[in-house]
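**Student:** structure for the following, please:
(one chain, ligands or ions: 1)
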Amino acid sequence: MNKMLLGLSATLAFALTPACTADDEAPPDGAADVVNVDVTSNQFSPASLKIKVGQTVRWTWGGGTHNVVSGPDCNTEDGNFKSGAPVGGGTFDKKFETAGTFPYYCQPHCAMGMKGEIVVEP
Ligand SMILES: [Cu+2]
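**Tutor:** Model prediction:
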């Protein structure tokens, strides 16, 4: 009887373990799929955000006219992600599929220090 139960739970545990492949990373168990960054005048909060591969960052506008542009400094877009032209509201989502540090900024306010970074851990 005990052996049967053990065998059954081992089978269940195997069946419930999610498959992980390089191009379809799921967030780690217990982690939120979406992590929020507030976009206000004139800062990103938190400015530095640590997430895991597979999580999505959602920037949510709270006031002012801003955008989210990836790049190492105020005049350099690296093309990783961009919300578009500066707007006065809404949200922008980006799912991070690879580990690394991704700096970004707001074009109208970068010179005023409106910058952030997403640190994506494996
Ligand atoms: Cu801004």
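**Student:** now residue 69: closest residue in space, sequence neighbours ignored.
**Tutor:** residue 82 (5.0 Å; C-beta to C-beta, 6 or more residues apart in numbering). C-beta: built from backbone N, CA, C; applies to glycine.
**Student:** got the contact list for the one you found?
**Tutor:** Applying C-beta atoms under 8 Å, 6 or more residues apart in numbering to residue 82 gives the contacts 67-70.
**Student:** low-confidence regions, this structure specifically.
**Tutor:** Along the chain, the model assigns pLDDT under 70 to residues 1-25.
**Student:** residues from it in reach of the ion?
**Tutor:** Contact residues, the chain versus the ion (C-beta under 5 Å from the ion): 66, 106, 108-109, 114.
**Student:** let's see 6 Å
**Tutor:** Selection of the chain residues close to the ion by C-beta under 6 Å from the ion yields 42, 64, 66, 106, 108-109, 114.
**Student:** TSV for those, including neighbour count and secondary structure?
**Tutor:** Compiled in TSV, the residues of the chain next to the ion are given as follows (neighbours: other C-beta atoms under 10 Å; DSSP: H, G, I helix; E, B strand; the rest coil):
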residue	neighbour count	secondary structure
42	17	coil
64	18	coil
66	27	strand
106	27	coil
108	14	coil
109	20	coil
114	24	coil
